[in-house]
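Student: Turn this into a structure:
(one chain, ligands or ions: 1)
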Amino acid sequence: MRDYQKGTQCLHAGYVPGSGEPRNIPIVQSTTFRYSSSEAMGALFDLEAEGYFYTRLQNPTSDHVAAKICALEGGTAAMLTSSGQAANFFAIFNICSAGDHVVASAALYGGTFNLFAVTMKRMGITFTFVDPNCSKEELDAAFQPNTKAVFGETIANPALIVLDMEKFAQAAHAHGVPLIIDNTFATPVGCRPFQWGADIVTHSTTKYMDGHANCVGGAIVDSGNFDWTKYPDKFPGLCTPDESYHGVTYTERFGLEGAYITKATVQLMRDFGASPSPMNAYLLNVGLETLHLRMPQHCANALKVAEYVQNHPKIAWVNYPGLEGDKYYALAQKYMPNGTCGVVTFGVKGGQKAAETFMAGLQLASIATHVADAKTCVLHPASSTHRQLTEEELAAAGVSPDLIRLSVGIEDVQDIITDLEQALEQV
Ligand code: PLP
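Tutor: Reported below is the predicted structural model:
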């Protein structure tokens, strides 16, 4: 399946029905799975046999969809989670404990920033947030002896800063830790971070992957490339026996290709239970089947919208990494030559008040916290998703008070531009 092009993988990867079996991925709407003997079930609990016993840990519908995302990213193992937040939490907590430290780009989705800076800090895991445009020396200086991972977003939400992934991967590897990339905005259609040195990829599948505002979800994909066994003292959870599974050592039993995702599934899903419902996994798959068609349309529409607002007298500034002249155009061309995403940010002259008048005037675009959807939606992050951040944190995350985030959908672009036009006339 991995030899197929991405467009074919979007439709077929992860599930190949046998003769007479359902063409669509079946929705296995069952919490439990029956076994004929206690021994057969015991082997599952000792991780000696593969199989399903309880949907909190694994479910066939979710696993088929995870396998599709795994193929699209070019990974070796993947899992779905109930949300993107759960994916990012698991991706880090799988290799970090109290007393550990992570280097993260400061340009992150507000919810991720809060998860790291507030909630995970309470768990004893600390983060150093670095300017994504920092020099190699500045990046190196952020590492500590207890650093266990580096984290960033391919295209930061909502700052639209393109991460120099190779710079971050080199620094991570020089310090013996993996690079975790949240690839939500680019999707594997636009960028495959493993090709640029990332070791783990996460997604809020709620966004383009689902694409139709149907279900909140997340995914974690492992490249299988990071050699945990080179640093057993740093990653004891992967390289030494797990007493909660009768002493299994994940890297020994599941190899580099399976250790990380197996550990996250059997420990974190078991204990935290952030599992998607089979129905949501099914709906996510329906979205994935057209991801390769929707992404180019999002990108083409967003570019036209960016060009339109760039030339409008009532617009102060515009950010779109696919727009020539954008600060991140060169990095976008390097990492995403076939298109970035459908999100454009801009400032309406007149600051927050003008921004609010403009947003209230929109008819086609919906004001919604959602982003990366087939339908155009719009948001003012400083007063919503990022409102917990201080002024300094807002600045570090690249979110100015006048920033409007327009998630350009796949409607006819002329209608989107006409809507912007009439709303701007009211400002
Ligand atoms: N990562 C990014 C880049 C996001 O944009 C979001 C949500 O907007 C998340 C993670 C969190 O995902 P979810 O809302 O599915 O929990």
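Student: dump the residue contacts of the closest residue to the ligand within the stretch 1-150 of the chain.
Tutor: Per Cβ to the nearest ligand atom, G84 is where the stretch 1-150 of the chain lies closest to the ligand, at 2.3 Å. Placement of C-beta: from N, CA and C, glycine included. G84 is in contact with G111, D182, T184, T202, H203, S204, T205, T206, K207, V216, G217, G218, counting by Cβ atoms under 8 Å, 6 or more residues apart in numbering.
Student: make it 6 Å
Tutor: Contact analysis of G84 by Cβ atoms under 6 Å, 6 or more residues apart in numbering lists S204, T206, G218.
Student: Give me the neighbour count for the last one.
Tutor: By that I understand G218. Counted with other Cβ atoms under 10 Å, residues neighbouring G218 total 28.
Student: does it really touch S83, like I thought?
Tutor: Yes - taking contacts as Cβ atoms under 6 Å, G218 lies within contact range of S83: 5.1 Å.
Student: how near is the residue of the stretch 251-400 of the chain with the smallest separation from the ligand to Y328?
Tutor: At 6.0 Å from the ligand, V371 is the closest residue in the stretch 251-400 of the chain, using Cβ to the nearest ligand atom. Here V371 is placed at a distance of 18 Å from Y328 (Cβ to Cβ, to the nearest Å).
Student: Pairing partners for the residue in the stretch 101-250 of the chain that the ligand sits nearest to in the sheet, please.
Tutor: Nearest to the ligand, among the residues of the stretch 101-250 of the chain, is S204, at 3.0 Å (Cβ to the nearest ligand atom). Beta bridges link S204 to G218, judged by DSSP bridges.
Student: Report whether the expected contact of it with T184 is present.
Tutor: Yes - between S204 and T184 a contact is recorded at 4.6 Å, counting by Cβ under 6 Å.
Student: hey, C-alpha coordinates of stretch 275-294 in CSV?
Tutor: What follows is stretch 275-294, C-alpha atoms only, in CSV (Å, rounded to 0.1, in the frame of the first residue of the first chain):
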residue,chain,number,x,y,z
SER,A,275,-9.9,6.9,22.8
PRO,A,276,-12.0,8.0,19.8
SER,A,277,-15.4,6.4,19.3
PRO,A,278,-15.5,4.0,16.4
MET,A,279,-18.2,6.2,14.8
ASN,A,280,-15.9,9.2,14.9
ALA,A,281,-13.0,7.1,13.4
TYR,A,282,-15.4,6.1,10.6
LEU,A,283,-16.4,9.7,9.9
LEU,A,284,-12.7,10.8,10.0
ASN,A,285,-12.0,8.2,7.3
VAL,A,286,-14.8,9.6,5.1
GLY,A,287,-13.0,13.0,5.4
LEU,A,288,-9.6,11.4,4.6
GLU,A,289,-10.9,9.9,1.4
THR,A,290,-11.0,13.4,-0.2
LEU,A,291,-8.1,15.1,1.6
HIS,A,292,-5.9,15.0,-1.5
LEU,A,293,-8.7,16.9,-3.5
ARG,A,294,-9.6,19.4,-0.8
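Student: could you say which helix or strand contains the closest residue to I410 other than its chain neighbours?
Tutor: Leaving aside its sequence neighbours, I410 sits nearest to Q297 (Cβ to Cβ, 6 or more residues apart in numbering; 4.4 Å). Q297 is part of helix 291-310, with elements assigned from DSSP states H and E.
Student: helices or strands up against that helix?
Tutor: helix 6-12, helix 187-190, strand 315-319, strand 343-348, helix 413-425 (3 or more Cβ pairs under 6 Å, 6 or more residues apart in numbering; DSSP states H and E).
Student: Moving C-terminal from the lowest-mean-pLDDT helix or strand in the chain, which element do we reach first?
Tutor: None of the helices or strands of the chain scores lower by mean pLDDT, DSSP states H and E than helix 391-396, at a mean of 80. Per DSSP H and E, helix 391-396 leads on to strand 403-407 as the next helix or strand towards the C-terminus.
Student: Now do that following strand, average pLDDT.
Tutor: Mean pLDDT, computed over strand 403-407, is 94.
Student: by contact count, what packs against it?
Tutor: Packed against strand 403-407, as judged by 3+ Cβ pairs under 6 Å, 6+ apart, are the following elements: strand 343-348, strand 377-379.
Student: before we move on, back to that, ranking the helices and strands packed on helix 291-310 by burial, who's on top?
Tutor: helix 187-190 (a mean of 26; mean count of other Cβ atoms under 10 Å).
Student: can you tell me if that helix touches the ligand.
Tutor: No - figure legend: helix 187-190 not in contact with the ligand (Cβ under 6 Å from any ligand atom); closest approach 11.0 Å.
Student: Report all helices and strands that that helix contacts.
Tutor: Using 3+ Cβ pairs under 6 Å, 6+ apart, helix 187-190 sits against helix 291-310.
Student: Can you name the residues in contact with the helix it packs on?
Tutor: 6-7, 10, 187, 189, 211, 315, 318, 320, 322-323, 339, 342, 344, 346, 408, 410, 413, 417.
Student: Check stretch 129-142 too.
Tutor: Stretch 129-142 is contacted from outside by V103, A104, S105, A106, A107, T128, I161, L163, A171, using Cβ under 6 Å, 6+ apart.
Student: Let me see the contact set for the second one.
Tutor: In other words, A104. By Cβ under 6 Å, 6+ apart, the contact list for A104 reads F127, F129, F151.
Student: What distance do you get for it to E153?
Tutor: Per Cβ to Cβ, A104 is found 9 Å from E153.
Student: re earlier: could you tell me how far the helix holding Q297 lies from the centre of the chain?
Tutor: 20 Å (Cα atoms, centre = their mean, to the nearest Å).
Student: Just want the angle from it to strand 315-319.
Tutor: Here the directions of helix 291-310 and strand 315-319 differ by 150 degrees (axes from the mean of the first three to the mean of the last three Cα atoms, to 10 degrees).
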